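**Student:** Got a sequence here, can you model it:
(2 chains)
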Amino acid sequence: MRTLTALFLGILFAGTLAAQEIRVTSSFEPSILRAGEMGVYRVTVSKEIKGGGGFFVVRGFAVDFSALKPPQGLQIATLGKSTSTNTINTQTVVSESYQFRVRANAEGEYTISECKIIVDGASATIPAATLKVLPSARVASAGNDEGGPPLQMELVLPRDKIYVGESLPVQIRLYVQRGVQANSIGQFIPTKIGDAFAVSDFSQPVRREIERNNDIYLEVIWQTVVSPYKAGDNPLVFQLDVEAILPDFSGQRRGSLQKLSLYTNQDDLTVLDLPEKGRPENFSGAVGIFRASGKPKIDPTQAQVGEPMTLSFSLEGSGNFDRFEAPTLADDNGWRVYTPEEDFAPTDRYRYQGRMDYKYVLIPRDESVTETPAVSFSFFNPDTEKYEELTLPPVPVKITPPPPGQRPNIPPTVARNGGGTAPAQARQPELLPIKTTVVAWGQSMRPLLLSPWFLGVQVVPLAVLIGLFLTRRRHNRLLNDPRYAREVRARKALKPRLAAARKAASAGDHAAFYSEAQRVIQGAVGRLVDQTSEALSADEIDRLLATRGVDTATREQTQAFLHAGDALKFGGLQRADLDLRAEMARLETLGTQLMKLS
Amino acid sequence: MKRALLIFFLLLPTLALRAAEAPSSLDERFAAANLAYTDGQYAQAIEGYTALLAESPASTVYYNLGNAYTASGEYGQAILQYERCLVLNPDNADARANLKLARDAVEATPPTRAWYEDYAQAAGVNTWTWLAALTFWGAAFLIALPPLYGWRSPWRTLLLALCLLGLVGGGTGLTGYHFMSKEGIVLSNDAPLQLAPTSTSPAKSFLHAGAAADIKRTHGDYAYVVTPDGEQGWMSSKVFAPIWDMR
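**Tutor:** Below you'll find the model as predicted:
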């Protein structure tokens, strides 16, 4: 076990050592100075440690700079060093930056030439670096009072001739004089003014210091691609808004922050039409420099008539990839060619350079074809100002006849307008065949929703829903609300009792009439209390009516009906004195009044 | 009377012959139109299919009519008939394929459709209607009645959720069809988009056969349409027809 551990650590350590790679860079910051000004010369030594190097403690490098020889006139003094470590996954990069103060009192170019140093006992090379020194500010201002503007923007075109539809890479350069404090540079990107050109995305700005007009400027460069829409003299201007504090004559930063709009000072650009002369028939608008990427491929290489095959090839280069159509297949007789699939893989953010992959689905019409159609692609080369043609050779294929009875139905080409048809564009589409049976006649596009019968049918579920809802609610109330139940029962019982009283009145049966009248009154009043209505006495009824504020006349009438039966039997009330029809009418009125009580 | 009978008996063989010649049932007339198509007599096939559709519409007849128009090079009409076929039968893959071929032939762009319109095409308009109606009533019953009947089963919640889901699904499908029902197709090339609904009105621009446009309103034989590019104007029924034939 101990042996295995030692072996593992040995392999790990050996691998780590083997993977260590020393890189040395050098630079002046800034790369351009005035005489007498101070700058920094920086040498960065970095070592990449792979395979677990991150677990080691970084102790720094032992660097011997004795071989470093500054040029004549350049004063150099050590400032110090700084160390940084970056670990990503298992890769660790240790960097040590050595800084030297530099100064030159005379103008000129000072180059610290390439030299060998020793890093941790190993030899490494510091690349050469050049510092440009301009005359001192005092001398410069004495010699040249005019100088350049403190802020300036320029549009840089790669060539003079521009063609409609082409994609043209351009640079927008912003120059900021040393001494100008510009805060927002890099936060905003230039915006195009004018509608004669399309502009792609902008690159991230690149900054560097340069000499310009005998002065030191910060140069900020954006790259983009412009495409002219139309021929003629058209303006192409870019605008950039910056906030800056401009220096005064003494070169000091004074004054307040100003918002400035900068514009590229470009005259109208002359955009040319693509030349008519020599334009190939199959030219579809491609402008740029294109070449075939490999040879066309067919998959599969062998098929039956009617079976699809895929022809694929690629074009690469630089130009207006988004603005031209797929190449035409030179002679597609014997083939059915479908519109190809296109897949563009740009290698820059402007979609100016890259590779376009094409995939054509081809179907052989008969077994006589032996090769795929040749691919022909024409484009205009703006550098040579000529049309060029790319031809990709045909690919051999083997086509076998279909099994008997399975030959695809290829409809005949129909001549239109009395003339012939162009080979590719006017060919009839190969339709799927007609149907020979109709599954359903009488299908209407008029939606069911607008049909009166459908809308009428909706009444049925509505009625069922309402019916069930009301029925169940009544049922529940009868169960849960005794007063409601008594009310319902009383109302239900009232009608047959009145009918029985009416019948008794018609028959002249006084006893039966008053007996029914008593029940009618008991039922009507009894629904008001939680008590069996038949058990209510006349006094109780009267008390109940009194508590509900019933007028005296009604109460007396009620009592008269309640006592009339007994009075007939025992009280000497003569039947001849009673008109039962009138009594019935009174009873009905009384019943209605009593049923209104609550 | 004798004379009338004589004339009747003289004409009888002629009438019988004509009756025997003319296909009577829809299926027979459909077969005759198909035969004309197979023989390359596209004008005759178009006439036969059109007559059948006027009498009794069927998605299959729209499909065959689309094929006949394609074969005769009238791509605008062909696209219209395929679209109508798909309204009646959205699952007709053959119609969808031939519609694409017809559109490719004239480089016509299919109408730009919102997600709910694409969704709506998953089923027919009447399927969505039934789904919406049934789930609506189902949801209404499940909301209104269970509290009265004391039904507190978890099935109620599940069924109610399904009903509401179906209602949303059906409603969305109907909404999609509602918007699609306003689409129309340009029937011929260089069809004028006019400033006013009259034959003497100047044309603002011209549309290609097979182009789709939305109908905003109609006036007599003219429809006020809006193209996917935002162009608006009046188009005559001679050069533009709605997809939905609301008969």
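**Student:** Look up phi and psi at the spatially most central residue of chain A.
**Tutor:** Closest to where the C-alpha atoms of chain A average out (C-alpha atoms, centre = their mean) is A:Asp201, at 18.3 Å. Dihedral angles of A:Asp201 (phi, psi; degrees, to the nearest 10) stand at phi -60, psi 160.
**Student:** residue contacts, it?
**Tutor:** A:Asp201 makes contacts with A:224, A:349-350, as judged by C-beta atoms under 8 Å, 6 or more residues apart in numbering or on different chains. C-betas here are computed from N, CA, C, even on glycine.
**Student:** swap in A:Glu316?
**Tutor:** By C-beta under 8 Å, 6+ apart, the neighbours of A:Glu316 are A:290-293, A:354-356.
**Student:** Tell me the gap between stretch A:470-483 and the middle of its chain.
**Tutor:** Stretch A:470-483 sits 58 Å away from the centroid of its parent chain (C-alpha atoms, centre = their mean, to the nearest Å).
**Student:** Any regions of the stretch 151-300 of chain A where pLDDT drops low?
**Tutor:** A:186, A:248-255, A:266-267 (pLDDT under 70).
**Student:** What is the neighbour count of whatever residue of chain B ends up closest to chain A?
**Tutor:** Here chain B gets closest to chain A at one residue, B:Leu101, 3.6 Å apart by C-beta to the nearest C-beta. B:Leu101: 17 surrounding residues under other C-beta atoms under 10 Å in any protein chain shown.
**Student:** next structured bit after the helix or strand hosting B:Pro147?
**Tutor:** Taking DSSP states H and E as the criterion, B:Pro147 maps to helix B:146-149. Following helix B:146-149 in sequence order, the next helix or strand is helix B:154-180 (DSSP H and E).
**Student:** Now find how far off-centre that following helix is within its chain.
**Tutor:** 25 Å.
**Student:** ok, the helix or strand following that helix: who's next to it in the sheet?
**Tutor:** As assigned by DSSP H and E, the chain's next helix or strand after helix B:154-180 is strand B:183-186. Using DSSP bridges, strand B:183-186 pairs in its sheet with strand B:212-219 (antiparallel), strand B:240-242 (antiparallel).
**Student:** Could you give me the buried positions within the helix holding B:Pro147?
**Tutor:** B:Pro146 (16 or more other C-beta atoms under 10 Å in any protein chain shown).
**Student:** gap between that helix and the chain center?
**Tutor:** Relative to its chain's centre, helix B:146-149 lies at 45 Å (C-alpha atoms, centre = their mean).
**Student:** Domain ranges for chain A, per the record?
**Tutor:** Per the record, chain A has its domains at A:16-139, A:146-272, A:288-400, A:480-595, by automatic domain parsing.
**Student:** Indicate which one of those domains is closest to B:Lys216.
**Tutor:** Evaluated with C-beta to C-beta, the domains of chain A place domain A:146-272 nearest to B:Lys216, the distance being 30.3 Å.
**Student:** roughly how far apart are the residue in chain A that chain B sits nearest to and B:Gly73?
**Tutor:** Taking C-beta to the nearest C-beta as the measure, chain A has A:Pro429 as its residue closest to chain B, at 3.6 Å. Between A:Pro429 and B:Gly73 the distance is 11 Å, computed by C-beta to C-beta, to the nearest Å.
**Student:** ok, B:Thr129 touching A:Phe454?
**Tutor:** Yes. With contact defined as C-beta atoms under 8 Å, B:Thr129 counts as touching A:Phe454 (7.4 Å).
**Student:** Okay, now the unreliable bits of chain B?
**Tutor:** B:1-24, B:247.
**Student:** Show me the domain layout of it.
**Tutor:** B:2-106, B:115-180, B:183-242.
**Student:** Mind putting those domains into a markdown table with distance to A:Leu131?
**Tutor:** Shown next, in a markdown table, are these (distance: least, C-beta to C-beta, whole Å):
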| stretch | distance to A:Leu131 |
| --- | --- |
| domain B:2-106 | 65 |
| domain B:115-180 | 63 |
| domain B:183-242 | 60 |
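**Student:** To A:Thr558, which of those domains lies closest?
**Tutor:** Proximity to A:Thr558 (C-beta to C-beta) singles out domain B:115-180 among the domains of chain B, at 39.3 Å.
**Student:** Who are the contact partners of the residue positioned nearest the centre of chain B?
**Tutor:** In chain B, the centroid-proximal residue (C-alpha atoms, centre = their mean) is B:Arg84; its distance is 2.5 Å. Residues in contact with B:Arg84 (C-beta under 8 Å, 6+ apart) are A:445, B:59, B:62, B:243-245.
**Student:** Going C-terminal from the top helix by length along chain A, what's the next secondary structure element?
**Tutor:** Counting residues, the longest helix found in chain A (DSSP state H) is helix A:482-507. Using DSSP H and E, the helix or strand that follows helix A:482-507 in sequence is helix A:510-526.
**Student:** other SSEs contacting that next one?
**Tutor:** Contacts defined by 3 or more C-beta pairs under 8 Å, 6 or more residues apart in numbering or on different chains; DSSP states H and E place helix A:510-526 against helix A:482-507, helix A:538-547, helix A:552-566, helix A:580-595.
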